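Chemist: My questions concern the predicted model and sequence given below.
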Amino acid sequence: MRLERRHETSRMALVLAPIGAVVFTMAVSALLVLWAGAPVGRTYALLLQGGFGSVFAWSETLTRAIPLILTGLAATVAFKARLFNIGAEGQLYAGALAAVAVGGMHGGTGFELSPWLLFPLMMLAAAVAGALMLLGPALMKNKLGVDEVVTTLLINFIVLLGVSALLDGPMKDPSAMGWPQSVSLQSDLELGKLIAQTRVHTGLLWAVSLAVMVWAVFKYTVLGFDIRAVGANTRAAAFAGVPVTRTVVMVALLSGALAGLAGAIEVAGRTSYVTLDMSPGYGYTGIVIAMLAGLHPLGVIAAAVFVAGVLVGADTMSRAVGVPTYIADVIVAASLIAVLVATLLTQYRVRMKK
Amino acid sequence: MTDFLDILANPAFWVAVLRIATPLILGTLGVLLCERAGVLNLGIEGIMVAGAFTGWLAVYAGAPLWVGVGVAALTGMVFGLLHAFLTVGLALSQHVSGLGITLLATALSYFGYRVSFPKVNTPPTITPFAPMDWLPVPILNAQTALTLFALLLVPMVGWVLYRTPLGLALRMVGENPQAAESQGVSVAATRTGAIVAGSALMGVAGSFLTLSAFNAFFFNMVNGRGWICVALVVFASWRPGKALIGALLFAFFDALQLRLQQSGDAVLPYQLYLMLPYLLSILALVLVARKASYPQALMKPYRKGER
């Protein structure tokens, strides 16, 4: 088997490849539905209906998409520069914790800030906390050649244990009946609802604006050019005078900040406090979303809404026909692999000979 | 201080060290085989979950324990083949393919578990491997046969790598695939073989958890052990002997933190002790990084005729 590069790739193929890959994945996953003893057609219909079939479904899907857009952007920014940031999960928790530290621990007599000042401070703290989590691994990669995948992964575990220790100790909510749960944000720092009577909050506007901003950075700024140059070929970029270390540091700060903001926006828009299960793996799912989107910042929005819809729909579907919700994770993971293969096939053709 | 010495003097401590080390030894050897052939395999975390699940399910369904281990190895091989197809056949990013496999294998295992046991809260148990109390060696006789297998595998892998033509070919495709190809070695076939064999060991590493250390399958039971193995391979400079030392050292600290945690007058929150293994892994990576001798072709896809 060998691969031959195609002379040209049509735009049509580039758009159709991920869609075809997802359809293929759903078809193969039907075997799992059969194994669980449920009717395939009805199961998938319920899945789609639960994710996209009503205003309520859409509101839940969009709510779930907000952190996913942000972690997807975090992965996109980093992966563009070939900094494999697998630590978005830890960065998200660090951001959430920083947000609560500023917006919930603050206060008391004699020291009060207006919410107009406190809100930006809270977001800034979250962004900085997330960014710092990635700065170490990025520098270790750049200066010492330590593989960032392993370090960022290991840091996830360290951060989660740190969060656990803080929720047991200094940041524990004394009125939480012993649950490991942080103190709550001041209520005037919480994000407003986008649609009344649902859970969708204005964090969606934040996420979408940040996606547009990242897209603009890639397209119109020198930094964007440098990031693509470093990602394409680090040595060639250095030779051409691109400041590699500075670019990698900027990428780390930007990527970590986006993941940190995901945590702060989750807290301010949805939970208002930090718990150890506030993220069901948003950091890891963000990687899948970035790949599904072909590392395109605006594509991240679409990919995040799709994945969120599958995850939300799986809950509804599971209650109705009893197929375990883990099927959503299988579909998401298998889609990732199928999209990678499909995208490759738009660029190469496979020849089956020696 | 006396506490500390008491812990070290207790044979139960060393029994625990060896038990904790076993899945790490198996997994690290698995990663080592893949990386020596030039392929990173981040699928390990998921493959361990899948091996733990399928091995346990087979035994639960009535298969003998060793058949369960075989099923786990086979599960690892299937995912290894997928990884080989993606990274060797299609030359996709090894990072992303491996992460995809981890997500897929984990999700499939959890799905399979829930389909098999829909309404169960406490997982059903099996009778795990018994300790080898017939063995006249202290500490080792409190372990199961899988630990002995892991320990014997270290010199075996070393022997294959350094003393056989197969091992030479494997190391060559990891260092200089062009040269290997010109010597008539098939890069694709050798790499695929190494990934499949390495992934089989990862599956067995997972099955140790359900068939020997515990007697049931739990969610999150692998809990980062796979990533630790990836770090241990760097620490070991890609050498089986050093991998054994690394795994034992790591297990030593893990067992120690467990006991320090339990020794009553703990001043620090227990989470700080739990962090130790991860901090140590990062520290090891940093310390070894400078003199690390990566296989030269690691993470570099090889396409015939392309340079």
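Modeler: Structure's in. What do you need? Numbering: from 1, shown residues only, chains lettered A, B, ... in the order given.
Chemist: wait, is residue A:317 part of a helix?
Modeler: Yes. When DSSP: H, G, I helix; E, B strand; the rest coil is applied, residue A:317 is found to be in a helix.
Chemist: need the residues of the stretch 51-200 of chain B near chain A, please.
Modeler: Where the stretch 51-200 of chain B comes near chain A, counting by Cβ under 8 Å from any Cβ of the partner chain, the residues are B:82, B:86, B:89-93, B:95-97, B:99-101, B:103-104, B:106-108, B:110-111, B:114-115, B:118, B:188. Every residue, glycine included, has its C-beta placed from N, CA and C.
Chemist: ok, of these, which come out buried?
Modeler: B:82, B:86, B:89-93, B:95-97, B:99-101, B:103-104, B:106-108, B:110-111, B:114-115, B:188 (16 or more other Cβ atoms under 10 Å in any protein chain shown).
Chemist: Strands of the stretch 251-354 of chain A, start to end?
Modeler: A:348-351 (DSSP state E, counting those that start in this stretch).
Chemist: which regions of it sit below the pLDDT cut-off?
Modeler: Per-residue confidence for the stretch 251-354 of chain A (pLDDT under 70) gives these ranges: A:353-354.
Chemist: Please repeat the previous calculation with a cut-off of 80.
Modeler: When the per-residue scores of the stretch 251-354 of chain A are filtered using pLDDT under 80, the ranges that remain are A:350-354.
Chemist: Tell me where it has helices.
Modeler: In the stretch 251-354 of chain A, helices defined by DSSP state H, counting those that start in this stretch lie at A:282-292, A:297-321, A:326-347, listed in chain order.
Chemist: possible to save those as JSON lines with distance to chain B?
Modeler: Formatted as JSON lines, these follow (distance: least, Cβ to the nearest Cβ, whole Å):
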{"stretch": "helix A:282-292", "distance to chain B": "6"}
{"stretch": "helix A:297-321", "distance to chain B": "9"}
{"stretch": "helix A:326-347", "distance to chain B": "4"}
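Chemist: deepest of those helices, which one?
Modeler: Per-stretch averages of neighbours, counted by mean count of other Cβ atoms under 10 Å in any protein chain shown, single out helix A:282-292 among these, with a mean of 27.
Chemist: ok, back up a step: make CSV out of the helices of the stretch 251-354 of chain A and add distance to residue B:198.
Modeler: Conversion of the helices of the stretch 251-354 of chain A to CSV gives the following (distance: least, Cβ to Cβ, whole Å):
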stretch, distance to residue B:198
helix A:282-292, 23
helix A:297-321, 31
helix A:326-347, 19
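Chemist: Of all those, which one comes closest to residue A:141?
Modeler: Evaluated over the helices of the stretch 251-354 of chain A, closeness to residue A:141 peaks at helix A:282-292, with 17.0 Å, by Cβ to Cβ.
Chemist: Packing partners of the closest one?
Modeler: Contact here means 3 or more Cβ pairs under 8 Å, 6 or more residues apart in numbering or on different chains; DSSP states H and E; on that basis helix A:282-292 packs against helix A:55-80, helix A:88-103, helix A:244-266, helix A:297-321, helix A:326-347, helix B:94-116.
Chemist: Name all residues that make contact with the residue minimising distance to the centre of chain A.
Modeler: For chain A, residue A:71 is the residue whose C-alpha lies nearest the centre (Cα atoms, centre = their mean; 2.1 Å). Under the criterion of Cβ atoms under 8 Å, 6 or more residues apart in numbering or on different chains, the contact list for residue A:71 reads A:88, A:92, A:258-259, A:262, A:282-283, A:285-287, A:289.
Chemist: just these now: which is nearest residue A:201?
Modeler: residue A:262 (13.3 Å).
Chemist: remind me which residues of the chain are low pLDDT?
Modeler: Since no chain was named, I'll use chain A. Residues of chain A meeting the criterion pLDDT under 80: A:1-11, A:13-15, A:105-113, A:175-178, A:350-354.
Chemist: let's do chain B instead
Modeler: Residues of chain B meeting the criterion pLDDT under 80: B:1-4, B:260-268, B:289-293, B:303-307.
Chemist: Excluding sequence neighbours, find me the nearest residue to residue B:129.
Modeler: Counting by Cβ to Cβ, 6 or more residues apart in numbering or on different chains, residue B:129 lies nearest to residue B:144, which is 3.7 Å off, once chain neighbours are set aside.
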